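Asker: only geometry, no sequence info:
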């Protein structure tokens, strides 16, 4: 069962995790993919974190880079996937 | 019902000449981030021997397996090289001539990069099922990178090696099941532009590194998980029934990715062969499987799942059994 989490909480959790994951201070609109910070292993950690923390499944159809490239975009993705 | 397929014997030909990764000449022309990525692959050295082309690597392995078994295969399946020495000519019939397999049904298979071993096994299984008079099928491949540069950023470093796999309906390693999936959306993610270019300028280029490292990687996670669960389910197995998991030689990161994505541990043979030989294309997985067997990681009567993936994009799994006491159960 999915639990609704406030957007600010989602953003804060994602920002904390992504910053730790890439070992770089990031703003919520900074594109960490464009900075070359995401290897396939790091991507796996990111997607696994999102799935486990927010109780959702990232399907192949969700694998649009635009859903993941910044913390704000990822927040929107999480909120959309957990809505309703 | 799956037709029987078994590996009677394999041979790998790994040429003598070594190239230490740290001494690869192309490292000097890489920017620092790529140079470091190359150093972090988990590859110490490769075999790199200009005396052999891909066909000669394959032929050397094939001669060994034919001499050791005394087999006279009725079919020769050649997994084509990524960059043949000549256009228009036939690597398959050249190998036929080199091996003296005059009467063997001979043709090429492939098109899936490192996963091309799987269509070869599928074809062999089909031929053996269709023709009761066919005894053995020989699958061969010579792995040599398509360009003078051996580093494919950020994936792997390719070495030289030949492999020959003698297949029949029975044998000490049974191929119980085969699963394969492809997604044509990635057909040109990695390419080598060669027309109107000197060979010295050929290079394996990724059209979109973010697509490789994220989109394809995450699709690979999903595909391998789905194929794994389907393979086990249709064979009445759970993950606990799998003694050994084997994958290909791309990088230490790729091995960890597979382990983390699937919640498994890969055979130690994978990391050791990766370090010693680098990537050998379609030859990786059976080299690693047989090293695992030699190391005692797959005792007789136990089963392994073999994972393979290619950026073209293709994914495949093999369910294999080493020996066993109830052969009738494998031919249902």
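Answerer: Received the coordinates, thanks. Remember, it's a predicted structure, so these values are computed and weren't measured experimentally.

Asker: for residue 49, what are its contacts?
Answerer: Here I'm looking at chain A. A:17, A:21 (Cβ atoms under 8 Å, 6 or more residues apart in numbering or on different chains). The C-beta positions use only the backbone N, C-alpha and C, and glycine is treated the same way.

Asker: Actually, chain B is the one I wanted.
Answerer: Contacts of residue B:49 by Cβ under 8 Å, 6+ apart are B:15-17, B:160.

Asker: any idea how far it is from residue B:323?
Answerer: 34 Å (Cβ to Cβ, to the nearest Å).

Asker: The residue lying closest to residue B:253 once chain neighbours are set aside is in what secondary structure piece?
Answerer: In space, and not counting its chain neighbours, residue B:253 is closest to residue A:41: 5.0 Å by Cβ to Cβ, 6 or more residues apart in numbering or on different chains. For residue A:41, the host element (DSSP states H and E) is helix A:40-54.

Asker: any idea of the pLDDT on the residue nearest in space to the middle of chain A?
Answerer: Geometric centre of chain A, nearest residue: residue A:74, 4.1 Å, by Cα atoms, centre = their mean. Looking at residue A:74, its pLDDT is 97.

Asker: got it, and residue A:36?
Answerer: Residue A:36 carries a pLDDT score of 85 in this model.

Asker: quick one: it and residue B:33 touch, right?
Answerer: Yes: Residue A:36 is in contact with residue B:33 according to Cβ atoms under 8 Å; the separation is 7.2 Å.

Asker: Any residue of the lengthiest helix in chain B touching chain A?
Answerer: Across chain B, the helix with the greatest residue count (assigned by DSSP state H) is helix B:217-234. Yes: Helix B:217-234 lies within reach of chain A by Cβ under 8 Å from any Cβ of the partner chain, at B:217-219, B:221-223.

Asker: Kindly report the same for stretch B:298-309.
Answerer: No: using Cβ under 8 Å from any Cβ, stretch B:298-309 stays clear of chain A, with a minimum separation of 10.9 Å.

Asker: Any idea how far that stretch is from the middle of the chain?
Answerer: Here stretch B:298-309 is found 14 Å from its chain centre; the criterion is Cα atoms, centre = their mean, to the nearest Å.

Asker: pLDDT (mean, whole number) over it?
Answerer: Mean per-residue pLDDT for stretch B:298-309: 97.

Asker: Any figure for the gap between the residue of chain A found nearest chain B and residue B:257?
Answerer: Chain B sits closest to residue A:40 of chain A, with a gap of 3.6 Å, by Cβ to the nearest Cβ. Per Cβ to Cβ, residue A:40 is found 6 Å from residue B:257.

Asker: same deal with residue B:12?
Answerer: Distance of residue B:12 to residue B:257, computed by Cβ to Cβ: 25 Å.

Asker: Leaving aside the residues adjacent along the chain, what's closest to residue B:194?
Answerer: Nearest non-adjacent residue to residue B:194, counting by Cβ to Cβ, 6+ apart: residue B:202, 5.5 Å away.

Asker: Determine the number of other residues adjacent to that neighbour.
Answerer: Neighbour count for residue B:202, taken as other Cβ atoms under 10 Å in any protein chain shown: 17.

Asker: what do you get for the one 4 residues further on?
Answerer: Number of residues near residue B:206 (other Cβ under 10 Å) recorded here: 17.

Asker: What about it? Give its phi and psi, please.
Answerer: For residue B:206, the backbone dihedrals (degrees, to the nearest 10) come out as phi -90, psi 130.

Asker: Contacts only, for it.
Answerer: Counting by Cβ under 8 Å, 6+ apart, residue B:206 has contacts B:152-153, B:189-190, B:212.

Asker: How confident was the prediction at it?
Answerer: 94.

Asker: Quick one: end-to-end distance for stretch B:242-255.
Answerer: Counting by Cα to Cα, to the nearest Å, you get 18 Å between the two ends of stretch B:242-255.

Asker: Now find how far off-centre it is within its chain.
Answerer: On Cα atoms, centre = their mean, the centre of stretch B:242-255 falls 12 Å from that of its chain.

Asker: Report the secondary structure state of residue B:175.
Answerer: At residue B:175, secondary structure determined by DSSP: H, G, I helix; E, B strand; the rest coil is strand.

Asker: Was I right to think the residue of chain A closest to chain B contacts residue B:211?
Answerer: No: look at residue A:40 against residue B:211 with Cβ under 8 Å: they stay out of range, at 11.1 Å.

Asker: Could you find the residue nearest the spatial middle of chain B?
Answerer: For chain B, the residue nearest the mean C-alpha position is residue B:282 (2.1 Å; Cα atoms, centre = their mean).

Asker: which residue sits closest to that one, ignoring its sequence neighbours?
Answerer: residue B:117 (4.1 Å).

Asker: residues in contact with the residue nearest to residue B:194?
Answerer: With Cβ under 8 Å, 6+ apart, residue B:202 has these contacts: B:83, B:146-149, B:192-194.

Asker: excluding its backbone neighbours, what's nearest the residue of chain B found nearest chain A?
Answerer: Chain B approaches chain A most closely through residue B:217 (3.6 Å), counting by Cβ to the nearest Cβ. Excluding its sequence neighbours, the residue lying closest to residue B:217 (Cβ to Cβ, 6+ apart) is residue A:40, at 3.6 Å.
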